[in-house]
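Visitor: Kindly generate the corresponding structure for this input.
(chains A and B)
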Amino acid sequence: MDQITPKAVKEFKIVGTRPLRPDGIDKVTGKAMYGADLYAPNMLYGCLLRINEPHAFIESIDTSTAEELPGVKSIVTFKDFLKINPDNKNNPILENCIANEKVLYDGHAVAAIAAVDLNTVKKALKLIKIKYKKLPFVINIEEAMKTGAPIVSVGKKNENIPDGYSDNVIQYCSFGHGNLEDGFKAADKVIKRTFKTPSVHQGYIEPHACLASMSNDGKADLWCCTQGHFNVRSICSNIFKMDNSQLKVTASEIGGGFGGKTTVFIEPIALALSQKSGHPVKIVMSREEVFKATGPTVSSLVDVEVGMKKSGKITAAKAIIRYEGGAFPNETYELGAQSAFASYDLDAVKTEAFNVLTNRPTQAAYRAPGAPQSIYAVESVIDELCQHFNLDPLYVRILNAAKKGTKSSYGPTFDDIGLKATLEAAKDHPHYNAPLKENQGRGISCGFWFNFGGNTCVSLNINFDGTVGVVEGNPDIGGSRSSISQMAAEELGISLDKVKTVIADTNSLGHNDVTDGSRVTFSVGLATIKAAKAAKKELCKRAAKLWGIDEDAVIWKEGYAHPAGANAGNQEPLSLEDIAKVSSQTGGPISGHYEVNAEGAGVSFGVHLVDIETDMETGHSKILRYTVFQDAGKAIHPSYVEGQMQGGSVQGIGWALNEEYIYNHDGKLQNPGFLDYRIPVASDLPMIDPVILEIPNPGHPYGVRGVGETSIVPPLAAINNAVSRATGIRFTELPLSPPRVLKAILDTQ
Amino acid sequence: MLTREPEIKLKKLHVNVSINNDNLEFLCNPEDTLLDVLRNDLNLTGTKEGCSTGDCGACSVILDKKLVCSCLVLAAEVDGSSIDTIEGMAEENKLHVLQEKFLEHAALQCGICTPGILIAAKALLEKNQNPTEKEVRYWLAGNLCRCTGYDKIIRAVLDAAREMRKDHGPNYS
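Guide: This is a model prediction of the structure:
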């Protein structure tokens, strides 16, 4: 666990240390309250009825028998939502939660029931009579794009779609600069390959859960596990035509999300069941429902063409990206196109991307959404070119790496970035020069993520006893309360145990964007530091009042108000606690606030090194050694930065080696459970060694960059390159599961 | 006013059990799992539900000194048994060494798998006071964690084992 810090922004006392997380004790003793852990008096249990067909027209839904079952209190279908608000017919988020006219994927819900206990709900679900007509369906990207394919949803196609595609191809974008033709001509070798990646699921261990209670007057309380309760409020209040203020959403502790809990799946249903029954209603998804009806990531089909000089210099690069995100438009095809070549400083580059509909569950964001798939393809082709010219793959990446001043392939010009430093660190690491044995291969890959800022506000309250409460609005998914408290304590110059950070419900703080885009430590941290600065200003003012001097004559230093100079007098410095204790006499309670739509998040780069041994008799690949290098800007709590680097890597390892949505010829998902959808387990893995680099982000007062997402990007290509080098066979499709690798080995023998 | 005749329900089963050294009794339906009863009837929500098929280990408890997935045990089966859940792991206000080490090593991120992993790790250390890294990894292979990549979990368990051996003196093996 190394840390490499070329230059620090400033000296820190609390930032950069590893205190115990404030929510830790509750989480190791079972006290922490997650989505499914809340029960309300007079509560009903809700469940959804799902249709196991990939595509069907709903002719009728007869709920009359189910309604008669004692204990059943309410039943809702899409029609109820049309009664609530006719505009709901055009709401794709709601239609993904509950089908309108058509079942669009295997597992799409059509009705929901609330009853006094779970056994009654399950009995009642069987009493609903659905008549539907099966429709032709399409699961696969290539098939879906062809003219003549079954159309998932008519009328979604944008005008800029080139000719020759079906109406499932709904959006198109392109990015790039320079002259590709000249670039490819200047190359000594051009390699063009087509790559495929499967749909994979975020695989959070906590299934979606919520508890909704709506009163007769239309006010509602909603408790749910979500990455963004303000977003849940916006979506639900829109569906129910409620004022935002009338719907209070409280985020529970969250049992993993990785992007998959950035939208809603059951919350509007629970609210509708509650509205209709007058009872609080709790819905907890089963694991099968999570796999079938919540968002996996897109599956992809990507062509990459790269030209290289024998010196290793890239002369031109092109990618055509096709992402299938299920039954509704995916939001990641554009991010795939933008991120594909972000690691490189290129004179001629172009990426094009297509957004494709299929009869699969609607994709949701998954850690660096869209980047792993396109970067997998790019990094695999670059590795093949390195092999072709017998060039060191790290040398080639350093030679072509994006740096400060590089015009990125997607437009913006980069400021201070840490890619080169990260690559150099990998090159100097003992891992890179360790010997390999037979059937072993070493793979490397770069990774990139944009990082987001966004709408954020924080209140920082100084209590009368000199302790501090920070109120923020982003669910803590990996230790962020600790890093926010650390930044508050650092800025105020007080000890960490004086600070407590809480996550407010939607009525207790202004809007905060979702916990996504690796934005929380950056944006909430920024707002916390600025709120602390505002509080310090007020503290100085109060000290001035106590001393009877001008407020400009007081400065704040290391937790104390000091007279600003000899002219201000020689009063004894006053601590935060001294001032807080008498604040009632100097103007009332003291607090600081800050609101921002934050920019300057600062892009993030990482480099992964992996050693793999492939068993040539079984096709099984074992990870022998794994090292992660990533620029964190400034690691506020290094343990949780390492945790992000390790966790993302292992999710990427699962994607590369095991995980995939498997569909049968009938369009039904074959592996909606953890037994057959195999995520990495402890015995699959070695230790994951993290090396944190700190190249400060100029856009943050402490230099922070988001770290959460980049780490899932490199494993796909790093492992693909390692297995390709171990076996001598170039692979272009994930996962590299034993059957696929073994088949390739046998085919070449 | 009653609008419906009360249904004559299947007779519930009466179960006596010791949970975290407290003698308790409950009524359950024949099809209820131990996990259902712990969470929905006994307010012991520290035991988590991740899959209900015995694949994720989030619902791990110790039943008569054996590590089990409580989602695979029928509640009616546990009559006369002794059960340890996460709520009983700390003694009064003193955390178990494993709990301390999980905090110290930052071995949790979201924390949803943590109760199950702690229970499983405790069961391991009761059998094997000096496990190798490989033994810890294989023992915990039935407990899924999606956040950490397991690295810090494995380190925390090995460190806890070390600490517990130290506490018990050199003859403890």
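Visitor: Next, the contact list for the residue lying closest to A:H201 once chain neighbours are set aside, please.
Guide: If the residues on either side of it in the chain are set aside, A:H201 comes closest to A:P296, at 4.5 Å by C-beta to C-beta, 6 or more residues apart in numbering or on different chains. (C-beta placed from N, C-alpha, C; glycine too.) Contact analysis of A:P296 by C-beta atoms under 8 Å, 6 or more residues apart in numbering or on different chains lists A:S199, A:V200, A:H201, A:Q202, A:G326, A:R360, A:P361, A:Q363, A:A364, A:Y366, A:Y661.
Visitor: Next to chain B, which bits of the stretch 101-250 of chain A? Give me the list.
Guide: A:L118, A:N119, A:Q202, A:G203, A:Y204, A:I205, A:E206, A:P207 (C-beta under 8 Å from any C-beta of the partner chain).
Visitor: now with 10 Å?
Guide: A:117-120, A:122, A:201-207, A:209, A:225 (C-beta under 10 Å from any C-beta of the partner chain).
Visitor: Weed out the non-buried ones from these.
Guide: The neighbour-count test (16 or more other C-beta atoms under 10 Å in any protein chain shown) marks A:L118, A:N119, A:T120, A:H201, A:Q202, A:G203, A:Y204, A:I205, A:E206, A:P207, A:A209, A:C225 as buried among those.
Visitor: Between those, which sits nearest A:T262?
Guide: The closest of these to A:T262 turns out to be A:Q202 (C-beta to C-beta; 10.1 Å).
Visitor: how about the contacts of A:P296, which pair is most distant?
Guide: The widest separation within the contacts of A:P296 (C-beta to C-beta) is 15.1 Å, between A:Q202 and A:R360.
Visitor: How about chain B: which residue is closest to chain A?
Guide: Using C-beta to the nearest C-beta, B:G46 is the residue of chain B that sits closest to chain A, at 1.9 Å.
Visitor: Report how many residues lie close to the closest residue to that residue other than its chain neighbours.
Guide: Leaving aside its chain neighbours, B:G46 sits nearest to A:G30 (1.9 Å; criterion: C-beta to C-beta, 6+ apart). By other C-beta atoms under 10 Å in any protein chain shown, 23 other residues sit near A:G30.
Visitor: how much space is there between the nearest residue to B:D64 once chain neighbours are set aside and A:Y39?
Guide: Spatial nearest neighbour of B:D64, chain neighbours left out: B:S81 (5.2 Å); criterion: C-beta to C-beta, 6+ apart. Distance, B:S81 to A:Y39, by C-beta to C-beta, to the nearest Å: 25 Å.
Visitor: more neighbours, those two?
Guide: B:S81 (17 against 13).
Visitor: List the residues that contact the residue in chain A that chain B sits nearest to.
Guide: Nearest residue of chain A to chain B, counting by C-beta to the nearest C-beta: A:G30, 1.9 Å away. Residues in contact with A:G30 (C-beta atoms under 10 Å, 6 or more residues apart in numbering or on different chains) are A:37, B:44-48, B:85-90, B:111, B:114-115, B:118-119.
Visitor: mind listing what's buried in the helix ranked longest in chain B?
Guide: Ranked by number of residues, the top helix in chain B under DSSP state H is helix B:151-167. Across helix B:151-167, burial judged by 16+ other C-beta under 10 Å covers B:151-161, B:164-165.
Visitor: Now do the domain split for the chain, please.
Guide: Going with chain A. A:35-134+A:207-254+A:261-293, A:299-451+A:602-748, A:454-598 (automatic domain parsing).
Visitor: hm, I was asking about chain B
Guide: B:13-88, B:97-167.
Visitor: Could you single out the most deeply buried of those domains?
Guide: Comparing the domains of chain B by mean neighbour count (mean count of other C-beta atoms under 10 Å in any protein chain shown), domain B:97-167 ranks first with a mean of 23.
Visitor: can you give me phi and psi for A:Q630?
Guide: phi -150, psi 140 (degrees, to the nearest 10).
Visitor: Could you look up the SS state of the closest residue to it other than its chain neighbours?
Guide: In space, and not counting its chain neighbours, A:Q630 is closest to A:G606: 3.8 Å by C-beta to C-beta, 6+ apart. Per DSSP: H, G, I helix; E, B strand; the rest coil, the local secondary structure of A:G606 is strand.
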